[in-house]
Structure formats: structure tokens, C-alpha cells
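K.L.:
can't give you the sequence, but here's the structure:
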């Protein structure tokens, strides 16, 4: 059974992951409305990924014999200064999530909950990738601030094709 402190913090993180998914849907809708389909698709995919992260955490607790709690989420931010602002918001969000995931791993270690600490390792690796991706996107967006269609071309060129599934990823609740 996972340490109670870890369970409490993981349940809170489940809510934050759902909140991140909700925020990415709002960003995708912003881009969809602005007729920036590649950006919209990218953030719709990000929303799905964040939801999957929450469901991985749900599955871990269920497998450990703990009933997860599914907290509510706050309304996402929907107003942005320009087409680059949502990418900046996403980067800030990913940095914050990195701190939260690191905190969860630290709690597991402090509580001598080695199974939960091991579970968090995949998420730590994932956050390095997420922060790097958003940092790169923001840098490219800044370079073509006055040419959003050049950014759309960049996404079409650099992010074409589906990503391969990570065989080391934890299972998600609701998948077969």
C-alpha cells in the first residue's frame, strides 16, 4: 500500500493533470478559432496526453488497492494577448508540473515508499521532454512572431506523423 502522504499528493496531482488537459483544450480551441489548425491539433493532442497521465495515476492507485479521488478542476484561461501567449502559458504550466512531479517523487522517497518512487520515474522523464518541447516551440514562435503561418509550416514539417507509444509508460485506467 502506498504511503498515505503520497496517496494524498497523487490524488491532488490527478486533479492538476485533468486541469492541464482542460487548459490545453482551451488553448486548442483558441487556435482552432484563429484558423491555425496545426497549433490546434498539437494542443488537442497535448490535452489527450495530460488526460492519459491522470488516468495512469488513477490506474496506479487502483492497482495498489487505493480508491482514487477525482477532484474538480478550475476553469481554464481562455483569453490570450496574441497567438504566442498560449505557448508561453503552456511552458509555464509544464515547468510547474515538473516541480509537482519532483515533489511527488521526493514524498515517496521520504516516506520510504519505493514502489511509488519508482512509479514517478517515468513522469520525471516525461517532464524533461514536455519542458523541452514547449521551450523549443516558444523559441520558434518568437522568431516568427509576425508570421504565424511560418510556424504552422514548422509544425507540419517537424511534428508530422504520430508519435510511437512508449513501451515503458505506466498503464492508464480505462485502456485495454
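P.N.:
Cool, the structure landed. Nothing here was measured: the structure is a model prediction, and the numbers come from that model.

K.L.:
state the distance from residue 28 to residue 120.
P.N.:
Residue 28 is 28 Å from residue 120, where distance means Cβ to Cβ, to the nearest Å. To be clear about C-beta, it is placed using only N, CA and C from the backbone, and glycine gets the same treatment.

K.L.:
give me the more crowded residue out of those two.
P.N.:
Neighbour count, other Cβ atoms under 10 Å: between residue 28 and residue 120, residue 120 has more, with 25 against 21.

K.L.:
what's the burial count for the closest residue to the more buried one other than its chain neighbours?
P.N.:
Nearest residue to residue 120 in three dimensions, chain neighbours excluded: residue 105, at 4.1 Å (Cβ to Cβ, 6 or more residues apart in numbering). Neighbour count for residue 105, taken as other Cβ under 10 Å: 18.

K.L.:
so where's the chain shaky on pLDDT?
P.N.:
By pLDDT under 70, the low-scoring segments of the chain are 160-162, 176.

K.L.:
where does the spatially most distant residue from the centre of it sit: helix, strand or coil?
P.N.:
When distances to the mean C-alpha position of the chain are computed (Cα atoms, centre = their mean), the maximum falls on residue 146, with 27.7 Å. Following DSSP: H, G, I helix; E, B strand; the rest coil, the label given to residue 146 is coil.

K.L.:
now the phi/psi pair for it, please.
P.N.:
Residue 146 adopts backbone torsions of phi -90, psi 0, taken as degrees, to the nearest 10.

K.L.:
and for residue 145?
P.N.:
Dihedral angles (degrees, to the nearest 10) for residue 145: phi -50, psi -40.

K.L.:
surely it touches residue 85?
P.N.:
No: between residue 145 and residue 85 there is no contact under Cβ atoms under 8 Å: 11.1 Å.

K.L.:
okay, the two: which has more neighbours?
P.N.:
residue 85 (15 against 12).

K.L.:
give the contact list for that one.
P.N.:
Listed by Cβ atoms under 8 Å, 6 or more residues apart in numbering, the contact set of residue 85 is empty.

K.L.:
please tell me how far it sits from residue 99.
P.N.:
22 Å.

K.L.:
who's in contact with the most centrally placed residue in the chain?
P.N.:
Closest to where the C-alpha atoms of the chain average out (Cα atoms, centre = their mean) is residue 50, at 4.0 Å. Going by Cβ under 8 Å, 6+ apart, residue 50 touches 17-18, 20-21, 24.
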